[in-house]
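Engineer: Fold the stuff below for me.
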Amino acid sequence: MNQNKPTSYRWVICSLLFFATTINYLDRQVLSLTWEDFIRPEFHWTNAHYGLVTGIFSLVYAIGMLFAGRIVDKLDTKKGYMWSIFIWSIGACVHALCGVATEWAVGLPDAEALRSAIGNVDLVARIAHISLTLFIMARCVLAIGEAGNFPAAIKATAEYFPKKDRAYATSIFNAGTTVGALLAPFTIPTLAAKFGWEAAFIIIGALGFVWMGFWQFMYKKPDQNPKVNAAELEYINSDSEEERAAAAKDAAEKAAAPKVSLWQCFGYRQTWAFISGKAIADGVWWFYLFWMPSYLKNACGMSSTSFEFQLALGVLYLIVMISVLGGYLPTIFIEKYKMNPYAGRMRAMLIFAFFPLFALLAQPLSQYSYWFPIVFIGIAAAAHQSWSANIFSTVGDMFPKSMIATITGIGGMAGGVGSFCIQLGAGRLFDFAEQSNMAFMGYTGIEAGYMIAFSFCAVAYLISWMAMKAFVPQYKPIKL
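Structural biologist: As a prediction, this is how the structure comes out:
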């Protein structure tokens, strides 16, 4: 090995983080892509049942994010990531046992017997209740494990990249979220149709165990890794003396800063501004993620195994990728128009808040082509990602560094609670719309339900922005 020429092993590590994040999103999507055509007929679920499952997943995931970072720090990067993906892979695979366990609990021999129970009201209720409980338990395990992915990946990035390269490396591994969402509709329904829905959970879940094997043998600290030569190690540790001095100063200031309890954080209007921006908006993103497959089936008449279904969802997530440009808009306001950072970000977020209004056109124009809702919801989802990238930055604008992690955790928790409410409300809305043949703005039944849901999602960001502006009208950082 030429010690004078730096090796590039840090990019091997970055690729491992990318594949882990891709698997993370694949595991998350298996349920939403199998429940309508495979799980719902077998276990007699309603939309409310599915909304409860997805809502609890969102809530547990948010709670897990509060503790995942500390656990990864305590276990260190290698063990922390191993445990995280081990837990979520177990959770993914355990979903496959829910069918057998339900059969045993109700005393029926196979899946066909479960589906054939449709005429027995009491038995159908038992099947639905037992299977729902089992899926929720499996979903909670999945959520707890998945909460560790991003804290562990960011920690690994900090160990293998100098500060100047970390944002780029993070953008690369974070692209796994989009790649996972793109791959999911092309792989999961096909696996479920050919081998059964249980196999889809097992095969996708098993990818995590394969990844663990690579991680175990390929990841070591840079200074202990024989694949990293002296020149690359020097580059990894190449942060300038000024940057190190600044980091040391920040650490000293953080240590010297007055301690603020969790409950004291809620006494600041800035905290409630961040909560307002997260609580509704996060739920809208999860709604699109979990309910668009159902929309394509129920409102557009597609099967999850059809190519048009897979292509439609693939295009939707391709559109979401334009959100990578969202981070540049505040920079223009700050640098060109000399706005303070908070004002620049709020101006950008107001612009992003108008794009979800395209969702108002999704249902009216779907009668002409399903591509209209795909494109409009894709634009709305891309706007969410741009909104999300900027709202996290407002925490650093308003709060001292000693409070940033705590406030971010509070906002994540608010997003989880909001998502739980939106998922549960959506499920009940769609059931009511179907059963009562509800009418709304010229639509009836499930289409009326989706018109209401899309209308709410369309205006949610403007409501959130106005709430943030009401709590913090002008830039006012907290001084401890």
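Engineer: What helix or strand is the closest residue to Phe392 other than its chain neighbours located in?
Structural biologist: Excluding the flanking residues, the one nearest Phe392 by CB to CB, 6 or more residues apart in numbering is Thr408, at 6.9 Å. Placement of C-beta: from N, CA and C, glycine included. Following DSSP states H and E, one finds Thr408 within helix 401-436.
Engineer: Pull up the per-residue confidence for the residue lying closest to Phe19 once chain neighbours are set aside.
Structural biologist: Leaving out its chain neighbours, the residue that sits closest to Phe19 by CB to CB, 6+ apart is Trp211, at 6.0 Å. Here the pLDDT value assigned to Trp211 is 96.
Engineer: what mean pLDDT does the strand or helix carrying Ala125 have?
Structural biologist: Secondary-structure assignment from DSSP H and E places Ala125 in helix 121-146. Throughout helix 121-146, pLDDT has a mean value of 96.
Engineer: who does that helix touch, helix- and strand-wise?
Structural biologist: helix 9-34, helix 40-43, helix 47-75, helix 77-94, helix 98-106 (3 or more CB pairs under 8 Å, 6 or more residues apart in numbering; DSSP states H and E).
Engineer: so can I have TSV of the ones you listed showing distance to Val472 and mean pLDDT?
Structural biologist: Listed next are the helices and strands packed on helix 121-146 as TSV, based on distance: least, CB to CB, whole Å; pLDDT from 0 to 100:
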stretch	distance to Val472	mean pLDDT
helix 9-34	33	94
helix 40-43	44	94
helix 47-75	23	90
helix 77-94	35	95
helix 98-106	45	95
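Engineer: Those helices: which one's closest to Glu335?
Structural biologist: Among the helices and strands packed on helix 121-146, the nearest to Glu335 by CB to CB is helix 9-34 (29.0 Å).
Engineer: Buried residues, that closest one. List them.
Structural biologist: For helix 9-34, the neighbour count (16 or more other CB atoms under 10 Å) marks 9-10, 12-14, 16-34 as buried.
Engineer: In the chain, which residue is most central in space?
Structural biologist: Nearest to the mean C-alpha position of the chain, by CA atoms, centre = their mean, lies Trp286 at 7.0 Å.
Engineer: Skip the chain neighbours and tell me the closest residue to that residue.
Structural biologist: The shortest distance from Trp286 to any non-neighbouring residue, by CB to CB, 6+ apart, is to Ser419 (4.4 Å).
Engineer: Give me the neighbour count for that neighbour.
Structural biologist: 30 (other CB atoms under 10 Å).
Engineer: Was I right to think it contacts Ser58?
Structural biologist: Yes - Ser419 lies in contact with Ser58 (CB atoms under 8 Å); the separation is 3.7 Å.
Engineer: what is in contact with the two at once?
Structural biologist: Asp282, Gly283, Trp286 (CB atoms under 8 Å, 6 or more residues apart in numbering).
Engineer: Next one: Thr305, what pLDDT does it get?
Structural biologist: pLDDT, Thr305: 88.
Engineer: and it, which of the three is it?
Structural biologist: Three-state call for Thr305 (DSSP: H, G, I helix; E, B strand; the rest coil): coil.
Engineer: Compute the distance between it and Ala206, please.
Structural biologist: 21 Å (CB to CB, to the nearest Å).
Engineer: repeat for Arg347
Structural biologist: 47 Å.
Engineer: Tell me, how many residues neighbour the closest residue to Asn237 other than its chain neighbours?
Structural biologist: Distances taken as CB to CB, 6+ apart put Pro162 closest to Asn237, at 7.2 Å, once the chain neighbours are dropped. Other residues near Pro162 number 16, with proximity taken as other CB under 10 Å.
Engineer: ok, now which ones touch Pro162?
Structural biologist: Going by CB under 8 Å, 6+ apart, the list of residues near Pro162 reads Tyr235, Ile236, Asn237, Ser238, Asp239.
Engineer: I'd like the residues you listed as CSV, with pLDDT, distance to Lys338 and secondary structure appended.
Structural biologist: Compiled in CSV, the contacts of Pro162 are given as follows (pLDDT from 0 to 100; distance: CB to CB, whole Å; DSSP: H, G, I helix; E, B strand; the rest coil):
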residue, pLDDT, distance to Lys338, secondary structure
Tyr235, 85, 36, helix
Ile236, 84, 36, helix
Asn237, 83, 36, coil
Ser238, 78, 33, coil
Asp239, 67, 29, coil
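Engineer: and of those, the nearest to Val53?
Structural biologist: Closest to Val53, out of all of these and judged by CB to CB, is Ile236, at 42.7 Å.
Engineer: Nearest residue to Ala184 in space, ignoring adjacent ones along the chain?
Structural biologist: In this structure, Ala184 finds its nearest non-sequential neighbour in Gln29, 3.9 Å apart by CB to CB, 6+ apart.
Engineer: rewinding a little: distance from the helix or strand following the helix holding Thr408 to the middle of the chain?
Structural biologist: Next helix or strand after helix 401-436 toward the C-terminus (DSSP H and E): strand 439-440. The chain centre lies 32 Å from the centre of strand 439-440; the measure is CA atoms, centre = their mean, to the nearest Å.
Engineer: list the buried ones in the strand or helix carrying Thr178?
Structural biologist: Using DSSP H and E, Thr178 sits in helix 163-195. Along helix 163-195, the positions that meet the burial threshold by neighbour count (16+ other CB under 10 Å) are 165, 169-170, 172-174, 176-185, 187-193.
Engineer: For Trp286, see how far away the residue nearest to Ala184 is.
Structural biologist: 12 Å.
Engineer: what's in contact with stretch 55-74?
Structural biologist: Against stretch 55-74 from outside (CB under 8 Å, 6+ apart): 80-81, 83-84, 136, 139-140, 142-144, 146-148, 150-152, 155, 282-283, 286, 405, 409, 412-413, 415-417, 419-424, 427.
Engineer: switch the cut-off to 7 Å
Structural biologist: Residues outside stretch 55-74 that contact it (CB atoms under 7 Å, 6 or more residues apart in numbering) are 80, 136, 139-140, 143-144, 146-148, 151-152, 155, 286, 409, 412-413, 415-417, 419-420, 423-424.
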